[in-house]
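Chemist: I would like the atomic coordinates for the input below:
(one chain, ligands or ions: 1)
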Amino acid sequence: MSTQTDSVQDNIDMNIYNELIAKDSDYWSFKEDTKRQKSHVYFNYPAMMVPAMQSELISCIVKNVSNIKTVLDPFVGSGTVMAECMYHGLSFQGLDINPLAILLCKAKKGPFYEKAIKNKIDSLNSKIDSDDKLSIDVSFVNRDKWFTKEVLQSLSRIRRAILDENMLWARRFFWVAFGETIRQSSNSRTSTFKLHIRSKEDIDSREIDVIGKFKSILRNNYEHFCLHKSDLNDANELSKGSYKHQIKLHLGDSAKKIPCMNGKKIDLIISSPPYGDNHTTVTYGQFSYLPLQFIPTKDIDNKIPQDVLNITTYIDKLSLGGSTSKDINRKVCKELFDISPTLKRIIADLSVEHKDKTYKVINFYEDLRNSLKNCLSVLRKDGYMVWTVGNRNVGGISIPLDKILQEILEHYGSKLVLKLDRDICNKRMASRNKNTKTMTKEEILIMRKVV
Ligand SMILES: C[S@@+](CC[C@H](N)C(=O)[O-])C[C@H]1O[C@@H](n2cnc3c(N)ncnc32)[C@H](O)[C@@H]1O
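Modeler: Numbering: from 1, shown residues only. Just a heads-up that it's a prediction; the model follows:
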């Protein structure tokens, strides 16, 4: 039986629907809005979301739904959603399995002491310039494969100067620019997210001014730090240089546990999960491996396992669908197929010629189902969700993540409010990856938890 409250909620859904559907898929592509700004430029993380699009979706929901105060991103990545939530004055909770993602978010959340950071940058640069030691301060497996001796000496100079800074918030800001410098100066190709060594000729002929590169990235990040701060100031969201609302960031697996925020339920979830297991889509872990060898883990989080640093594939194995086990529990499989007829059909199709590929897909969706269940357990009734997803190919078959995600969420008591699609034209995907190269569209699902 429908109640008056149901009809109020249905009206809110209808308002959101009407407001968003009025703009066509061309609009949502944000073709003109390709230049990243503010904290979104700090680090070139893979598959970053489009800030303007997330901002518009947040504005629409905040305007139409009363009392939206807290947002969760269970796959927080480099914090695109987080930064946009800050401009809307929302409290925020983010989780990621990748320590580098947590570092990026911690650096973006402030504090915003503009004069202090400027002085600290000047002092950091002088320390780097006056250090003439040639020692190499880090050691890890295959270090000399991934870096030349000269690059390691310069990176060590920068690292010593950063370690000399006594404020953690400033060190984090510096580590982010340092991380980007490491990525650009290593012997791994930048055309792929995987660790992939350059040719010997390429390595021998490259001339890398590591210190110049670091200073230039840091200068650029500082300029965008000031813009980030200025926008937060204009929105009246800063108090004595710090963001007024709470931001909590957890290094963790959203398929295992998502904490409540101060014991209270979340009002809104906005996220973009990985589109498939990391090994065959975007290897966030391999991408982060080299920077994490140089950045002291205690400056990121004190719970980082040592294995993260020892094995290049460790983070990717921990991520959604990362297990390589072929030992799928029949009961789990049946449950998943009952929940998602689309997944059942896809696995049947895939089994015809690619039985070996079905395990990975099932492992991924079982982990995703657990994450979604955990998300719903911390979301308040009538809380909203915005999921941005893309459909990848496996063995030539398109896997409709949008439909499967919708079926899982509906099974656990949610309702689809609206689905939008957009062309991907300014998102940094793995263009050389055979599984994602045909991915040109993204779907945005707006859903509401109804029970
Ligand atoms: C597409 S990115 C997220 C983009 C992000 N929402 C933003 O605002 O830019 C996907 C992220 O999911 C993370 N991830 C993968 N498996 C995870 C898991 N089991 N728990 C938490 N995070 C995970 C990856 O490390 C990656 O950073």
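Chemist: and this protein, which residues reach the ligand?
Modeler: With CB under 6 Å from any ligand atom as the criterion, the chain meets the ligand at residues 47-49, 73, 75-81, 95-98, 101, 253-255, 271-272, 274, 284, 319-320. For glycine as for every other residue, the C-beta is placed from the backbone atoms N, C-alpha and C.
Chemist: Any buried residues in stretch 157-174, and which?
Modeler: Applying a neighbour-count criterion of 16 or more other CB atoms under 10 Å, one finds 157-159, 161-162, 165, 169-174 buried in stretch 157-174.
Chemist: re earlier: just the ones in helices from the residues of the chain next to the ligand, please.
Modeler: 80-81, 101, 284 (DSSP state H).
Chemist: what's the most distant pair in the buried residues of stretch 157-174?
Modeler: Maximum pairwise distance in the buried residues of stretch 157-174, criterion CB to CB, is 22.4 Å, between R157 and W169.
Chemist: Report the helix or strand with the lowest average pLDDT across this structure.
Modeler: When the helices and strands of the chain are compared on mean pLDDT, DSSP states H and E, helix 25-28 comes out lowest with a mean of 85.
Chemist: Give me the subset of the residues of the chain next to the ligand lying in strands.
Modeler: Members of these lying in strands (criterion: DSSP state E): 73, 95-96, 271.
Chemist: what about the helices in the stretch 251-400 of the chain?
Modeler: 284-294, 307-310, 314-318, 330-339, 341-378 (DSSP state H, counting those that start in this stretch).
Chemist: Reformat those as a markdown table; add mean pLDDT and mean neighbour count.
Modeler: Below are those laid out as a markdown table (pLDDT from 0 to 100; neighbours: other CB atoms under 10 Å):
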| stretch | mean pLDDT | mean neighbour count |
| --- | --- | --- |
| helix 284-294 | 96 | 23 |
| helix 307-310 | 88 | 15 |
| helix 314-318 | 93 | 22 |
| helix 330-339 | 92 | 14 |
| helix 341-378 | 95 | 18 |
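Chemist: Throw those helices into a markdown table and include distance to L90, thanks.
Modeler: Formatted as a markdown table, those follow (distance: least, CB to CB, whole Å):
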| stretch | distance to L90 |
| --- | --- |
| helix 284-294 | 25 |
| helix 307-310 | 30 |
| helix 314-318 | 28 |
| helix 330-339 | 31 |
| helix 341-378 | 15 |
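Chemist: Of the ones you listed, give the one that comes closest to H224.
Modeler: Of all the helices of the stretch 251-400 of the chain, helix 284-294 sits nearest to H224, with 19.1 Å by CB to CB.
Chemist: Tell me which other helices or strands the closest one touches.
Modeler: Helix 284-294 sits against helix 99-108, helix 168-185, helix 307-310, helix 314-318, with contacts defined as 3 or more CB pairs under 8 Å, 6 or more residues apart in numbering; DSSP states H and E.
Chemist: Worst mean pLDDT among these?
Modeler: Ranked by mean pLDDT, the helices and strands packed on helix 284-294 end with helix 307-310 at the bottom, a mean of 88.
Chemist: residues in contact with the residue most central in space within the chain?
Modeler: By CA atoms, centre = their mean, the chain has its centre lying nearest to G77, at 1.5 Å. By CB atoms under 8 Å, 6 or more residues apart in numbering, the contact set of G77 is 45, 47-49, 96, 98, 101, 104, 272, 284.
Chemist: would a markdown table of these with distance to P305 be doable?
Modeler: Below are these laid out as a markdown table (distance: CB to CB, whole Å):
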| residue | distance to P305 |
| --- | --- |
| Y45 | 21 |
| A47 | 24 |
| M48 | 26 |
| M49 | 27 |
| D96 | 15 |
| N98 | 12 |
| A101 | 16 |
| L104 | 19 |
| S272 | 25 |
| Y284 | 16 |
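Chemist: now, which of those residues sits nearest A22?
Modeler: Once CB to CB is applied, the member of the contacts of G77 that ends up nearest A22 is M49, at 21.9 Å.
Chemist: pLDDT score for the closest one?
Modeler: 89.
Chemist: residues touching the closest residue to it other than its chain neighbours, list them.
Modeler: Of all residues not flanking M49 in the chain, T80 sits nearest, at 4.2 Å (CB to CB, 6 or more residues apart in numbering). If a contact means CB under 8 Å, 6+ apart, then T80 has 40, 48-51, 54 as its contacts.
Chemist: what's the answer for R198, then?
Modeler: With CB under 8 Å, 6+ apart, R198 has these contacts: 187-189, 206.
Chemist: Could you pick out the buried ones from those residues?
Modeler: Here, 16+ other CB under 10 Å leaves 187-188 buried among these.
Chemist: wait, which of the contacts of R198 is closest to the ligand?
Modeler: Closest approach to the ligand among these (CB to the nearest ligand atom): S188, at 18.3 Å.
Chemist: Contacts only, for the closest one.
Modeler: For S188, the contact set (CB under 8 Å, 6+ apart) comprises 146, 195-198, 290.
Chemist: burial of I197, as a residue count?
Modeler: I197 has 14 neighbouring residues, counting by other CB atoms under 10 Å.
Chemist: Revised request: answer the last question for V41.
Modeler: Neighbours of V41 (other CB under 10 Å): 18.
Chemist: rewinding a little: taking the contacts of S188 together, which two end up most distant?
Modeler: Using CB to CB for every pair in these, the one that comes out farthest apart is R198 and L290, at 13.2 Å.
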